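1. Turn this into a structure:
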Amino acid sequence: MPIVRTDNGPRFVSNVFEALRQAEGITHERISVRTPNLNAHIEAFYSILEDECYSRNEFTSYSQAYAEITRYMRYYNERRGHGSLSMMSP
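-> Residues are numbered from 1 along each chain as shown. A predicted model of the protein is given here:
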């Protein structure tokens, strides 16, 4: 069963989010209040995604955004140098 780990932001306590989560059979795991370090690797990734993908593109449709983010994820996972790997790709 998939698990989504989030902070306690308002978007994750909405009725729409809860209904979708239940319909898709997704477990929702919340990090403890005032412990952003428990989500640090996710926060760091989203910062990189914003800097290297979102801010460099202007999306006019969902399908365009999906295609570009998919392309970036492939680059990130296969070719981009990572500091934790001495700037080598995975």
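
2. Below-threshold pLDDT in the chain: ranges please.
-> Applying pLDDT under 70 to the chain picks out residues 36.

3. how about a cut-off of 80?
-> Residues of the chain that meet the criterion pLDDT under 80 lie in 1, 7-13, 33-43, 81-90.

4. Just the strands from it, written as ranges.
-> Here the chain has its strands, by DSSP state E, at 3-6, 27-30.

5. Tell me which of those strands sits nearest to Arg74.
-> strand 3-6 (22.0 Å; C-beta to C-beta). Bear in mind the C-beta positions are built from the backbone N, C-alpha and C, glycine included.

6. For that closest one, enumerate the helices and strands it packs against.
-> Packing contacts for strand 3-6, counted by 3 or more C-beta pairs under 8 Å, 6 or more residues apart in numbering; DSSP states H and E, involve strand 27-30.

7. And the most far-flung residue of the chain relative to its centre, its phi and psi?
-> Using C-alpha atoms, centre = their mean, the residue of the chain lying farthest from its centre is Ser86. It sits 23.3 Å away. Ser86 adopts backbone torsions of phi 60, psi 40, taken as degrees, to the nearest 10.

8. May I have the residues that are in contact with Asn77?
-> With contact taken as C-beta atoms under 8 Å, 6 or more residues apart in numbering, Asn77 is in contact with Pro90.

9. How about Ile48?
-> Tyr76.

10. Look up how far Met87 lies from it.
-> Look at Ile48 and Met87: by C-beta to C-beta, to the nearest Å, they are 14 Å apart.

11. and if you look at Glu68?
-> Glu68 is 24 Å from Met87, where distance means C-beta to C-beta.

12. more neighbours, these two?
-> Shown here are Glu68 and Met87; by other C-beta atoms under 10 Å, Glu68 has more neighbours (15 against 9).

13. Not including adjacent chain positions, what is the nearest residue to the more buried one?
-> Nearest non-adjacent residue to Glu68, counting by C-beta to C-beta, 6 or more residues apart in numbering: Asn57, 5.5 Å away.

14. Burial check on Phe12, number of neighbours?
-> There are 14 residues near Phe12, going by other C-beta under 10 Å.

15. and it, what is it in contact with?
-> Residues in contact with Phe12 (C-beta under 8 Å, 6+ apart) are 6, 28, 30.
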